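S.K.: This is a predicted model, with the sequence first.
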Amino acid sequence: MRLERIRDRDERPGLRPFEANFLRLMDKLTNGAHIEINSTGTTLLYNPGIIVGGKTTHDCGLGRGIGYFIEGVLPLCLFAKKDVQLTLRGVTNDNVDLSVDAIRGVLLPTLISSFALHDTSPKLDLKIKKRGAPPGGGGEVVFTVPIVKTLNSMNRVELGFIKRIRGIAYSTRVSPQISNRMVTSARSLLNHFVPDVFVYTDHYKGDESGKSPGFGVCLMAETTNKIIIMSEKMAEGGVLPEDLGLECARLLCEEISKKGCVDTSCQSILLLLMVLTGENVSKLKLGKLSPYTIQYLRNLKTYFGIVFKVVPDRTDGTIMVSCFGTGFTNFSRSVR
């Protein structure tokens with residue numbers, strides 16, 4: 001694969017440092033891959049190798065959050081030769097990428113229920129060892145991914161009713177009362193709609209608190225059909241904890257109003273895994289498509305030749321997408 005003219009008209013042309021860092025992680029996870037980058041960084045030649053997996057430790061740097069790297073390698077690790085155990089260090093929470101809380105509480109349970117990954121060993125899991133807020137980072141997580149032979153098709157079309165709301169308010173190198181203030185403000189809005197609201201507080205101190213102070217909140221609404229909708233927000237620019245908790249609660253209400261069976265931030269990875277399922281039809285009900293998801297659908301057509309059937313429902317503003325899986329099979333895994 002050859003990518004040319006990468007940001008060639010930008011003031012800072014070429015690959016960004018975090019993108020080169022992601023390529024280094026890919027090199028660690030594979031065997032036989034060949035990567036060439038020209039002197040300006042505007043041309044990349046990548047010949048993929050075999051996805052080996054195994055135990056790997058990687059420093060993600062400070063340019064992007066750990067969630068950026070996990071989103072990129074998760075679909076690949078499922079089809080590795082050996083089970084993957086990644087120890088990743090860097091920024092665990094920010095307002096750009098999926099936080100480790102959203103991945104652990106929303107994305108992974110969604111993948112497990114959608115593609116029937118309940119009985120895998122080891123389990124698809126993420127453990128937070130240290131939190132790292134920007135700009136200093138210092139966080140550490142252990143990400144475990146089991147290998148599969150093939151992915152089952154998914155059928156995720158009924159949202160159901162909101163039955164409870166859970167969440168986590170975290171803080172590092174600040175007063176523990178900050179988390180309590182975020183919880184109180186978030187519940188002041190959510191308790192008007194759902195009586196079962198519980199937000200945990202998670203305060204880190206010492207070596208586990210990273211290198212920078214910070215705080216934020218991640219809220220998750222679970223429906224009667226075991227679908228989880230999420231919103232998250234991290235403090236920046238001197239915002240008050242009360243304002244942050246209330247804003248995150250409003251974002252959750254907005255996300256629920258879209259009536260999709262997956263929240264906006266997880267749309268793209270589910271669409272990719274739908275393409276990689278066995279030769280069967282997968283269906284997914286989405287809310288409003290984000291610009292990123294729209295471009296992602298174009299990329300899936302370019303690289304896989306898969307065209308999704310898109311049927312909008314004008315009564316509630318949702319969109320039903322379906323596709324026929326490519327029947328992708330893991331030929332690298334060891335025979336047991």
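M.R.: Here it is on my side, so go on.

S.K.: Tell me where the stretch 51-200 of the chain has strands.
M.R.: All strands of the stretch 51-200 of the chain, identified by DSSP state E, counting those that start in this stretch, fall at 54-59, 84-90, 125-130, 139-145, 155-156, 162-172, 197-204.

S.K.: How many residues are close by His118?
M.R.: 9 (other Cβ atoms under 10 Å). For glycine as for every other residue, the C-beta is placed from the backbone atoms N, C-alpha and C.

S.K.: Let me fix that, I meant to ask about Asp101.
M.R.: Close neighbours of Asp101, defined as other Cβ under 10 Å, add up to 26.

S.K.: That one and Ile256, how far apart?
M.R.: Shown here: Asp101 relative to Ile256, a distance of 18 Å by Cβ to Cβ, to the nearest Å.

S.K.: can you check Thr144 too?
M.R.: Using Cβ to Cβ, Thr144 is found at 30 Å from Ile256.

S.K.: domains of this protein?
M.R.: In the domain annotation for the chain, the residue ranges read 2-148, 162-257, 262-324 (automatic domain parsing).

S.K.: Of these, which is nearest Ser332?
M.R.: For the domains of the chain, proximity to Ser332 was assessed by Cβ to Cβ; domain 2-148 is nearest, at 4.2 Å.

S.K.: how far is that closest one from where the chain is centred?
M.R.: With Cα atoms, centre = their mean, to the nearest Å as the basis, the distance from the averaged C-alpha position of domain 2-148 to the chain average is 10 Å.

S.K.: Now that domain: average pLDDT?
M.R.: With pLDDT averaged residue by residue, domain 2-148 scores 95.

S.K.: what about stretch 243-259, distance to the chain center?
M.R.: 18 Å.

S.K.: what comes up buried for that stretch?
M.R.: For stretch 243-259, the neighbour count (16 or more other Cβ atoms under 10 Å) marks Leu244, Gly245, Leu246, Glu247, Cys248, Ala249, Leu252, Cys253, Glu255, Ile256, Lys258, Lys259 as buried.

S.K.: swap in stretch 312-327?
M.R.: By neighbour count with 16+ other Cβ under 10 Å, stretch 312-327 contains the buried residues Thr318, Ile319, Met320, Val321, Ser322, Cys323, Phe324, Gly325.

S.K.: now stretch 18-26
M.R.: Counting neighbours by 16+ other Cβ under 10 Å, one finds that the buried residues in stretch 18-26 are Phe18, Glu19, Ala20, Asn21, Phe22, Leu25, Met26.

S.K.: Sort out which one of those residues lies nearest Asp94 for me.
M.R.: Lowest distance from Asp94 to these (Cβ to Cβ) belongs to Phe18, with 12.1 Å.

S.K.: My guess is the closest one contacts Asp59. True?
M.R.: No. Under the criterion of Cβ atoms under 8 Å, Phe18 lies out of contact with Asp59, with a separation of 11.5 Å.

S.K.: quick revisit: need the max-distance pair from the buried residues of stretch 243-259.
M.R.: Across those, the two lying at the largest distance from each other (Cβ to Cβ) are Leu244 and Lys259, at 25.8 Å.

S.K.: roughly how far is stretch 139-158 from the heart of the chain?
M.R.: 11 Å.

S.K.: what about it, start to end distance?
M.R.: 37 Å (Cα to Cα, to the nearest Å).

S.K.: Indicate which one of the strands of the stretch 51-200 of the chain is closest to Leu189.
M.R.: Using Cβ to Cβ, the nearest of these to Leu189 is strand 197-204, at 9.6 Å.

S.K.: Within its sheet, name the partner strands of the closest one and how each one runs.
M.R.: When sheet partners are counted by DSSP bridges, strand 197-204 sits next to strand 162-172 (parallel).

S.K.: quick one: the strand it pairs with to strand 125-130, angle?
M.R.: Angular relation of strand 162-172 and strand 125-130 on a 0 to 180 degree scale: 30 degrees, by axes from the mean of the first three to the mean of the last three Cα atoms, to 10 degrees.

S.K.: what about stretch 187-201, average pLDDT?
M.R.: Mean predicted lDDT for stretch 187-201 stands at 96.

S.K.: no wait, stretch 304-318
M.R.: Across stretch 304-318, the average pLDDT comes to 93.

S.K.: now the helices for the chain?
M.R.: Under the criterion DSSP state H, helices of the chain are mapped to 17-29, 66-77, 100-102, 108-114, 177-190, 241-257, 267-275, 291-304.

S.K.: Distance to Ser209 for those helices - can I get that in JSON lines?
M.R.: As requested, these are exported to JSON lines (distance: least, Cβ to Cβ, whole Å):
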{"stretch": "helix 17-29", "distance to Ser209": "23"}
{"stretch": "helix 66-77", "distance to Ser209": "16"}
{"stretch": "helix 100-102", "distance to Ser209": "14"}
{"stretch": "helix 108-114", "distance to Ser209": "24"}
{"stretch": "helix 177-190", "distance to Ser209": "13"}
{"stretch": "helix 241-257", "distance to Ser209": "17"}
{"stretch": "helix 267-275", "distance to Ser209": "29"}
{"stretch": "helix 291-304", "distance to Ser209": "32"}
